[in-house]
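Colleague: Here's a sequence, model it:
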Amino acid sequence: MSAPHNARRKAFVIRSAQGRRYGMGRMRAIFLADGPETACRYSVYEWWLEPHTRGPGVHENPEDHIFCVIAGTLSLCLEGQWTDAAGGSYAVIPGGIPHDFENRGAEPCGFIGVNVPGGFEEDLPELVKWFAEHPPEQMS
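Modeller: Predicted structure coming up:
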């Protein structure tokens, strides 16, 4: 799915409610730009968690992540330390750093993510399958 880095790409607008949607029970992802659209240089997506929803569990990815919280408060675990990131907060997570996220609040929580380089989106069908077998837990 790689596109040459020197390939001419087109500018585009992604309208509200567009994007490739991936449901994972109490979480969902909406991928907005990736793969051929970005010459695999980056991926842009939204991630949404219902209130009181645990995240995917501590994991690490090879690519860098940048999260911008757009709704609610995202609880982030970065290298074993939990912190709350309210709307308007950013998190920069270099590749290889263990992290997790969850929504401990009473309102839905959403963040825009950017992964550099792109390619993470290719794992989404497998993640959806995994979450179907291991649904995110609701906190009491």
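Colleague: May I see the buried residues of the least confident helix or strand in the chain by mean pLDDT?
Modeller: Within the chain, judged by mean pLDDT, DSSP states H and E, the helix or strand with the poorest mean is helix 124-133; its value is a mean of 85. Residues of helix 124-133 classed as buried by neighbour count (16 or more other CB atoms under 10 Å): 124, 127, 131. Just so you know, the C-beta spots here come from the backbone N, C-alpha and C atoms, and that holds for glycine as well.
Colleague: Ok, stretch 50-66 next?
Modeller: 52-56, 61, 63-66.
Colleague: One more: stretch 16-29?
Modeller: For stretch 16-29, the neighbour count (16+ other CB under 10 Å) marks 19, 22, 24, 26-29 as buried.
Colleague: From one end of that stretch to the other, what's the distance?
Modeller: This stretch, stretch 16-29, spans 14 Å end to end (CA to CA, to the nearest Å).
Colleague: so where do the strands sit in this structure?
Modeller: For the chain, strands defined by DSSP state E occupy the ranges 20-24, 27-33, 43-49, 64-71, 73-78, 81-86, 90-93, 99-102, 109-116.
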